[in-house]
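1. Okay, here's the prediction I keep looking at, along with the sequence it came from:
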Amino acid sequence: MSNREKRLITVREFQPIFAEQYIDGVYISKKDIQELRNYIDEQNSKKLAGHTGINEFLKPIKNGVQVNNYVGIIQTNSDLTIEILPKIYGKNWKATDAHIIRELFLRMIRTIKRVDGKTFNMANLNSRKSNLLELFISMFLAESDQIIKRGLKSTYIAVQSNEKFLKGKLLMMQQLRKNSINQSNFYNEFDEFLINSPENQLIKTTLEFLLSQSRDNTNLRLIREQLQFFNLVDSTRYPERTYQKIQVGRNYNYYEQTIDWCRIFLSRKSFTSFKGSSLAIAILFPMENIFESYIAALVKKTLSNCQVSSQDKKYSLFDKTSETKAGYNLRPDLVVRRGNTKTTIADTKWKILDGNGPSQADVYQMYAYYTRYRQKNENVDRVILIYPYSENYPNSEYRSLTTEMQKLTARIQVKFVDLLSNSIESDIAELFLLS
């Protein structure tokens, strides 16, 4: 077993990691913690406007760090690999087996189609891999394999060479310097149609990098096989400069997803806004997005006879008038329309509710959905806040009534999904169809 395999640990959301402790038999050194803290400092020093705060993913604590509600894989420069899995509870049991949680996480992540504005095909994740890093490497290899099968992109590249024949533009300075004696040669610059394009350079460099990172025999075999197709391609020492040389066009489309993976591995840029030199690899997903995507996929599958809209953009909170413009777009996570009869609206929240229940802001948001959609003549029967299962707060309902006729003016439900349930699809159907 290699050192890198010995240095793999698995933690859950919100779990602290302390210096000089053992996790999964791996000793966490002060250097490991310092590298993670350096990463936090690096991100905080940038203070990029509009980007997610690093403390939402990783925050410093006394003698250590604590991971928050992001899941995925990070690897320090000293080769500590940290696999972060979601923290999940069920009605009958709490999942403590990393294999069970990883399988559930993979089922959830397979429903993801877009992350941070980019499209990724997660549907073919190979759950047989030993950890998330090897899974993500195998995803990259699957994408690069499609490019190889289709054929590496060639492009015209300017070449300077001393030739027997004049092929292009004669370079006078080099001609005088190189061919003052043998004047039968021509030092010229010409374009050649080569596979040594910026895209292929990035793919080759990523393959070489992953050859040093992977410890999975299948992945290593595939990396070596794929590298043979890039013998005529240069590696790049400066990936960021090489990205800038890419010319996006119709011939680039089938490269796009692979190049996005190259950015993740070479630039240390994750599915989040974080990137930096203090970590070797960071591939992180916000669990809020994964939970939303998973529930949406289940709803679309189980309620196939209904019209299901994800991130519905039909209405804004305020209308456009002759004096004002429309404002504050409403975007509920799910809108389920059952013909012209009933509409149910839902938002998903990745949070284990405590005894205090949902936040005031979330309830206000749901009230706005209910009233605004009804103003637009949609027969909204209720709105639902959907959370992962919690034993600390029961299914609940809030109602708003008129004082005179006791007419219902709003109906907000708090519902839970047991992600560990063997009947989760029927649970989802009941959640939306039963009042």
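-> Yep, that arrived. Numbering: from 1, shown residues only.

2. Let me see the ranges of the helices in the stretch 251-400 of the chain.
-> 256-266, 287-302, 360-375 (DSSP state H, counting those that start in this stretch).

3. If you count contacts, what does the shortest one end up packed against?
-> Looking back up the chat, that one is helix 256-266. In terms of contacts (3 or more C-beta pairs under 8 Å, 6 or more residues apart in numbering; DSSP states H and E), helix 256-266 is packed against strand 118-119, helix 132-150, helix 198-213, helix 239-244. All C-beta atoms are positioned from the backbone trio N, CA, C, and that covers glycine.

4. Which of those has the lowest mean pLDDT?
-> For those, mean pLDDT drops lowest on strand 118-119, to a mean of 55.

5. now the strand or helix carrying residue 428 and helix 287-302, what's the angle there?
-> Per DSSP states H and E: residue 428 is located in helix 424-433. Relative orientation of helix 424-433 versus helix 287-302 (axes from the mean of the first three to the mean of the last three C-alpha atoms, to 10 degrees): 90 degrees.

6. re earlier: in JSON lines, list the helices of the stretch 251-400 of the chain along with distance to residue 186.
-> JSON lines is the format used below for those (distance: least, C-beta to C-beta, whole Å):
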{"stretch": "helix 256-266", "distance to residue 186": "37"}
{"stretch": "helix 287-302", "distance to residue 186": "58"}
{"stretch": "helix 360-375", "distance to residue 186": "72"}
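
7. So residue 330 is in contact with residue 368, correct?
-> Yes. Assessed by C-beta atoms under 8 Å, residue 330 is found in contact with residue 368 at 6.8 Å.

8. Please enumerate the shared neighbours of the two.
-> residue 317 (C-beta atoms under 8 Å, 6 or more residues apart in numbering).

9. distance of residue 10 from residue 132?
-> Residue 10 sits 9 Å away from residue 132, going by C-beta to C-beta, to the nearest Å.

10. Between these two, which contacts overlap?
-> With C-beta under 8 Å, 6+ apart as the test, residue 10 and residue 132 both reach residue 83.

11. Who has more neighbours out of those two?
-> residue 132 (26 against 19; other C-beta atoms under 10 Å).

12. tell me which residues form a beta bridge with residue 387?
-> Counting by DSSP bridges, residue 387 forms beta bridges with residue 416.

13. May I have the residues that are in contact with it?
-> 348-353, 358, 414-417.

14. Closest to residue 19 out of these?
-> Proximity of the contacts of residue 387 to residue 19 (C-beta to C-beta) peaks at residue 352, which lies at 27.6 Å.

15. show me the contacts for the residue lying closest to the closest one once chain neighbours are set aside.
-> Of all residues not flanking residue 352 in the chain, residue 390 sits nearest, at 5.0 Å (C-beta to C-beta, 6 or more residues apart in numbering). Taking C-beta under 8 Å, 6+ apart, we find residue 390 in contact with 89, 352-354, 416.

16. Filter those residues down to the buried ones and express that as a ChimeraX selection.
-> Buried subset of the contacts of residue 390, written as a ChimeraX selection, criterion 16 or more other C-beta atoms under 10 Å:
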select :89,352,353,416
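
17. export the contacts of residue 390 to TSV and tack on pLDDT?
-> Output for those, formatted as TSV (pLDDT from 0 to 100):
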residue	pLDDT
89	81
352	87
353	88
354	87
416	93
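
18. Name the helix or strand for the most far-flung residue of the chain relative to its centre, please.
-> In the chain, the greatest distance from the average C-alpha position (C-alpha atoms, centre = their mean) is reached by residue 181, at 60.4 Å. Under the criterion DSSP H and E, no helix or strand holds residue 181.

19. What backbone torsions are found at it?
-> phi -90, psi -60 (degrees, to the nearest 10).

20. Could you report the distance from residue 410 to residue 152?
-> 59 Å.
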